[in-house]
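> With the sequence up front, the predicted model follows.
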Amino acid sequence: MSLIVYVRDRDFYFLHSGKEKVSGIFETDQDISGFLKENKISNVTLVFSRPSIFVRTLEFPFSSLKKISQVLLEELAPLFPVPADELEFSWYVVSREKSKTTVSVLAIEKSKVEKWLKHRISHKFKLKICFEPFILSNYVSKTALLNTFLLIFVDGNYLARYTVKNNIIIESSSSYFDPDTIDSAITEKINQNQAKLPVICLGDVSTGKFQGCRTINLRRDELSSSFLFSVFESLPTLSVEPAFKLYPVRHVEIVLNPTIIAGIILYLAVVSLMFRPYLTANQVQMKVNEINRQLEETFRAAFPDVTKVVNPVIQVRERLRNTGEVQKLVPRTSVISIMEAISTIVPENIPFKVSQMSVRGGDLFLVCSTDTLENVESISVCFKKVNMFDNVKIAGIMPEPDQVSFNLLIKIKNDKDQS
Amino acid sequence: MILVLLYQFVWSPGVRKVKNLNKIYVQKQKDLETLKDLISQYQEKTAQPAVVFAPSNFNLYLFVSKAIDITGSKLKISRITPVTENVLLNMIEQHITLSIEDIELEKLLLLLNEIEKREFLRYGYLQISRNAQKPFFVKVEMELVSYKARAQ
């Protein structure tokens, strides 16, 4: 079953499937779930009447539609009695010039749509949302073969007026009247035709009742709750879409998708990992700079006279090469002390004679003689006891008939060693 | 694709850079150690030893002459040989060799005492040989070394 719901001061419905047709009105507090379930609704067409739509016309001093779509929401916010985030917007171009673009914005309250969206999920039907002005405009274009006209639509006490130029609705208004005053209201609307457009009357209007008006001969079904359903019935192939392009106005909503966020975090983690070597390189570079500084400071501390430091190691090597060998000084030795020591260390009971004494640097060489080999050893022991001598060695013992000649090699301790 | 490009053009060059920098760092550390070692070598080479220098007006030949006179051993001198000066980093090293024949031990001690009284004089070498025929005489060969401050 297909259901058409006409949202106006009340929700009119028209249920049809082949020959079976039912029309009625949903009560404000009526739970329609049972109705939808009972009638096995497969298609719902939600038609918003002119009073249930907020219509605003805006002018922009440029022609870029992209730019208009970017600024539109911001421009619209203060124009409606309902907060903009509670409205669903659509807009279309009324006229477009190089430096001036006029657009018409239609807004419907989201709450009116959300109810049906919930039902769609529960009852799994196809939902189509459309607007009364476009339906009526399309109907007149098809039946009266006009694309520019002034349309008066009368449905009971409801009166709507649409100005259509080149199939684009450029102006619209609607109101409710008492049955007694509606004729005068229609006459007034017909007379408000300064552009002298062809006037088309549609709805609960008798043919020829109003002058200057062409009435489309369409009769309301007696059982129908609204004349609009007669329009649908008379022309089943009637398009509910406008003859021009209708643009949506998108609210900028940040939808946090955990998978995308996780993906982004993972991606950023991998990317930051890729750049990690550069952070490490900076740290190592700082260490290299620090050690370079240490090299230069060490060099400058040692060679304050140097003005330009290029390579400290090479510069020091060069200096060392130019300095030459370490200067070695002849050690200071007291020969008198040596002679004194030699003359006193050997006991008087041991025959001991020095025939030659040589001193060169720290080396002392003695050519000595005694009577026995045993005394040679004794003499060497005596020399070893002397504090100023070190490393006493006997060399070249030569036994002779009346004596034993021998050489002593001795290291002389310098002043530092002795202390 | 982006990750492949990042790996090729960001990660790989970055890793190479870090490796090179680490090598440079290790090399620089070695350089610092080498530098400290070379500086200590240089300082050791150029260190001023605690040397007592001869007075600026000191003359080694004159000293030898006077010392011989004092000890009365002029006639015993067989040879005096001057040796070329050595110019060191901050000083001048002067050498002279003496050969003395048959000098009494007492006079030799006087001569040695004259030498050893002066801290700037040192023995390059000294050889004292007893005369087998004359037990109270010795033959002496010595090299005397004096250090004078080098004029800067």
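Nice, thanks for sending it over. Residues are numbered from 1 along each chain as shown, chains lettered A, B, ... in the order given.
> low pLDDT regions in the chain?
You didn't say which chain, so I picked chain A. A:251-254, A:324-327, A:414-419 (pLDDT under 70).
> that's the wrong chain, I meant chain B
Judged by pLDDT under 70, the stretches of chain B that qualify are B:48-50, B:73, B:75, B:89, B:151-152.
> For chain A, what's its nearest residue on it.
residue B:14 (2.8 Å; C-beta to the nearest C-beta). The C-beta positions use only the backbone N, C-alpha and C, and glycine is treated the same way.
> For that residue, give me its contacts.
Contact analysis of residue B:14 by C-beta atoms under 8 Å, 6 or more residues apart in numbering or on different chains lists A:274, A:275, A:276, A:277, A:278, A:280, A:281.
> Can you give me the neighbour number for residue 1?
As the question left the chain open, I've gone with chain A. Using other C-beta atoms under 10 Å in any protein chain shown, residue A:1 is surrounded by 17 other residues.
> My question was about chain B, not that one.
5.
> so residue B:141 bridges to which residues?
residue B:99, residue B:127 (DSSP bridges).
> Counting neighbours, what do you get for residue A:267?
Residues near residue A:267, counting by other C-beta under 10 Å, number 12.
> Chain B next: which of the contacts of residue B:14 are close?
Filtering the contacts of residue B:14 for proximity to chain B by C-beta under 8 Å from any C-beta of the partner chain leaves A:274, A:275, A:276, A:277, A:278, A:280, A:281.
> Can I get the buried part of the residues you listed as one ChimeraX selection?
Only the buried entries of the ones next to chain B among the contacts of residue B:14 go into this ChimeraX selection, using 16 or more other C-beta atoms under 10 Å in any protein chain shown:
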select /A:274,277,280,281
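> from the ones next to chain B among the contacts of residue B:14, which is closest to chain B?
residue A:277 (2.8 Å).
> from the contacts of residue B:14, which ones fall inside strands?
The strands, defined by DSSP state E, take in nothing from the contacts of residue B:14.
> Throw those residues into TSV and include distance to residue A:227, thanks.
Compiled in TSV, these are given as follows (distance: C-beta to C-beta, whole Å):
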residue	distance to residue A:227
A:274	69
A:275	70
A:276	73
A:277	76
A:278	75
A:280	79
A:281	80
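> Beyond the single longest helix found in chain B, next helix or strand please.
When chain B is parsed with DSSP state H, its longest helix is helix B:12-45. Using DSSP states H and E, the helix or strand that follows helix B:12-45 in sequence is helix B:60-71.
> May I see the buried residues of that following helix?
B:60, B:63, B:64, B:67, B:68, B:71.
> just stretch A:5-16 next, same as before
A:5, A:6, A:7, A:8, A:11, A:12, A:13, A:14, A:15, A:16.
> secondary structure element for the residue nearest the centre of chain A?
Closest residue to the average C-alpha location of chain A: residue A:264 at 7.9 Å, with C-alpha atoms, centre = their mean. Using DSSP H and E, residue A:264 sits within helix A:258-302.
> Just give the closest residue to residue A:248, not the sequence neighbours.
residue A:90 (5.8 Å; C-beta to C-beta, 6 or more residues apart in numbering or on different chains).
> for residue 97, what are its contacts?
In the absence of a named chain, this looks at chain A. Contacts of residue A:97 by C-beta under 8 Å, 6+ apart are residue A:63.
> hm, I was asking about chain B
Residue B:97 sits next to B:79, B:80, B:81, B:83, B:124, B:141, B:142, B:143, B:144 when contact means C-beta under 8 Å, 6+ apart.
> re earlier: and the longest helix of chain B, what's buried?
For helix B:12-45, by 16+ other C-beta under 10 Å, it's B:14-15, B:17-18, B:21, B:24-25, B:28, B:31-32, B:35, B:38-39, B:42.
> Need those in CSV (columns: distance to residue A:397).
Supplementary listing: these in CSV, determined by distance: C-beta to C-beta, whole Å:
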residue, distance to residue A:397
B:14, 79
B:15, 75
B:17, 75
B:18, 72
B:21, 69
B:24, 65
B:25, 64
B:28, 61
B:31, 57
B:32, 57
B:35, 54
B:38, 49
B:39, 51
B:42, 48
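> from these, which is closest to residue A:394?
Checking those against residue A:394 with C-beta to C-beta, the nearest one is residue B:42 at 42.9 Å.
> Without its sequence neighbours, what residue ends up closest to the closest one?
Once flanking residues are discounted, residue B:42 sits nearest to residue A:320: 5.4 Å by C-beta to C-beta, 6+ apart.
> Make sure the one you found is actually in contact with residue B:41.
Yes: taking C-beta atoms under 8 Å as the definition, residue A:320 is a contact partner of residue B:41 at 6.2 Å.
> sorry, back to before: kindly calculate the angle that the longest helix of chain B makes with helix A:258-302.
20 degrees (axes from the mean of the first three to the mean of the last three C-alpha atoms, to 10 degrees).
> For the stretch 101-250 of chain A, what lies in contact range of chain B?
Going by C-beta under 8 Å from any C-beta, none of the residues of the stretch 101-250 of chain A are near chain B.
> In the stretch 101-250 of chain A, which residue sits nearest chain B?
residue A:250 (28.4 Å).
> Using the record's domain definitions, break chain A down for me.
In terms of domains, chain A is parsed into A:2-248, A:335-418 (source: automatic domain parsing).
> Can you check the distance spanned by the first one, start to finish?
The separation between the terminal residues of domain A:2-248, taken as C-alpha to C-alpha, to the nearest Å, is 26 Å.
> what's the offset of that domain from the middle of its chain?
Chain-centre distance of domain A:2-248: 44 Å, with C-alpha atoms, centre = their mean, to the nearest Å.
> Point to the residue nearest the middle of chain B.
So for chain B, C-alpha atoms, centre = their mean, it's residue B:88, sitting 7.2 Å from the centre.
> Wait, that residue touches residue B:150, no?
Yes: with contact defined as C-beta under 8 Å, residue B:88 reaches residue B:150; the gap is 7.2 Å.
> Alpha carbons of stretch A:310-328, as PDB, please.
Output of stretch A:310-328 as PDB, limited to C-alpha atoms (Å, rounded to 0.1, in the frame of the first residue of the first chain):
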ATOM      1  CA  VAL A 310      90.700  24.100  12.400                       C
ATOM      2  CA  ASN A 311      91.500  20.600  13.500                       C
ATOM      3  CA  PRO A 312      92.900  20.500  17.100                       C
ATOM      4  CA  VAL A 313      94.400  17.000  16.800                       C
ATOM      5  CA  ILE A 314      96.300  17.800  13.600                       C
ATOM      6  CA  GLN A 315      97.400  21.200  15.000                       C
ATOM      7  CA  VAL A 316      98.800  19.600  18.200                       C
ATOM      8  CA  ARG A 317     100.600  16.900  16.100                       C
ATOM      9  CA  GLU A 318     102.200  19.700  14.100                       C
ATOM     10  CA  ARG A 319     103.300  21.400  17.200                       C
ATOM     11  CA  LEU A 320     104.700  18.200  18.600                       C
ATOM     12  CA  ARG A 321     106.600  17.600  15.400                       C
ATOM     13  CA  ASN A 322     108.100  21.100  15.600                       C
ATOM     14  CA  THR A 323     109.100  20.800  19.200                       C
ATOM     15  CA  GLY A 324     111.600  18.000  18.700                       C
ATOM     16  CA  GLU A 325     112.800  15.500  21.200                       C
ATOM     17  CA  VAL A 326     112.400  15.700  24.900                       C
ATOM     18  CA  GLN A 327     115.300  17.600  26.400                       C
ATOM     19  CA  LYS A 328     117.300  15.300  28.600                       C
END
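> buried set for it?
Neighbour counts over stretch A:310-328 (16+ other C-beta under 10 Å) mark A:312, A:313, A:315, A:316, A:317, A:319, A:327 as buried.
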